[in-house]
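Give me a 3D structure for the following:
(one chain, ligands or ions: 2)
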Amino acid sequence: MPQRLFVITGATGTGKTTVSQYLTKYYQIPRVITHTTRPPRVGEENGVDYYFENEVSFFTKHYIESVRYADYYYGSSREALTAAWEKCAYASIVLDTKGAVTYVQTLGAQVIPLFMTVERPASLVTRLTKRGDQREMIAQRVASAEYERDLRLPTALADQAQVIVNDDWLAAQRQLDQIMQNYGLTKSADLI
Ligand SMILES: Nc1nc2c(ncn2[C@@H]2O[C@H](COP(=O)(O)OP(=O)(O)O)[C@@H](O)[C@H]2O)c(=O)[nH]1
Ligand SMILES: Nc1ncnc2c1ncn2[C@@H]1O[C@H](COP(=O)(O)OP(=O)(O)O)[C@@H](O)[C@H]1O
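Residues are numbered from 1 along each chain as shown. Ligands and ions are numbered 1, 2, ... in the order given. Coordinates of the predicted model:
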């Protein structure tokens, strides 16, 4: 079976992680774990949510691509992608839009880009607050050029990306189920 990668992208708080978790839970699609110098949020675990690095260890890895986002480094390794594909022919990865464009340019048709958005960006701050993000981290993030950029679908993805409007999580799930069905993937009961 050909190996494919759902690249889930969009601005902070639009639901990228929620979607990747949904795909793991109901479609057994593993997520590629990426590396970051951002400190862990409450409840985040090293090796599960990210490989948490410092500014020295981050640069010892081999990345397909890496970016700076709101003052921290993020990078995705070929090893992590191979590890996910060894588990399943379909994998997912959560990336900023710059990374998503690089993946489309690097892996071509293996990539299935999903662009997450909401009708009102102001609602994202409320979501991040509810998620438990620190107030200063939210302010830093929302003030960043990367946040502004990721609110919009990049031109380079316009032809391939499937846009998921995640104002209502139930509606977004229905849209995801339809997309998965289009790839011949069937939803199964949560076995975890
Ligand atoms: N290009 C790229 N982006 C990444 C990588 N890992 C995470 N990201 C993105 O970096 C941004 C910030 O991630 P994070 O700090 O977890 O914030 P969140 O989007 O609010 O969950 C998000 O857009 C992530 O999708 C990576 O390896 N490469
Ligand atoms: N449709 C939705 N309506 C309200 N809250 C949502 C919705 N989708 C996700 N969330 C919540 O919003 C927060 C941000 O979602 P998350 O998946 O972490 O976003 P991202 O990974 O894009 O930053 C989480 O607390 C999540 O549970």
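
quick one: the nearest residue to residue 54 once chain neighbours are set aside and ligand 2, what's the gap?
In this structure, residue 54 finds its nearest non-sequential neighbour in residue 37, 6.5 Å apart by CB to CB, 6 or more residues apart in numbering. Just so you know, the C-beta spots here come from the backbone N, C-alpha and C atoms, and that holds for glycine as well. As judged by CB to the nearest ligand atom, to the nearest Å, residue 37 and ligand 2 stand 17 Å apart.

Kindly report the same for residue 133.
For residue 133, the distance to ligand 2 - CB to the nearest ligand atom - is 9 Å.

Hmm, residue 185 is touching residue 90, no?
Yes: at 6.7 Å, residue 185 counts as touching residue 90 under the criterion of CB atoms under 8 Å.

backbone phi and psi for residue 84, please?
Here is the backbone geometry of residue 84 (degrees, to the nearest 10): phi -70, psi -40.

Show me what counts as buried in stretch 66-75.
For stretch 66-75, the neighbour count (16 or more other CB atoms under 10 Å) marks 66, 67, 69, 70, 72, 73, 74, 75 as buried.

So which of the residues you listed sit within helices?
Using DSSP state H, no member of the buried residues of stretch 66-75 sits in helices.

Show me which helix runs longest in the protein.
The chain, longest helix under DSSP H: helix 169-182.

hang on, the residue nearest to residue 54 packs against residue 75?
No: assessed by CB under 8 Å, residue 37 is found out of contact with residue 75, at 9.3 Å.

Let me know the pLDDT of the residue in the chain that ligand 1 sits nearest to.
The chain approaches ligand 1 most closely through residue 99 (2.2 Å), counting by CB to the nearest ligand atom. If you check residue 99, the pLDDT there is 98.
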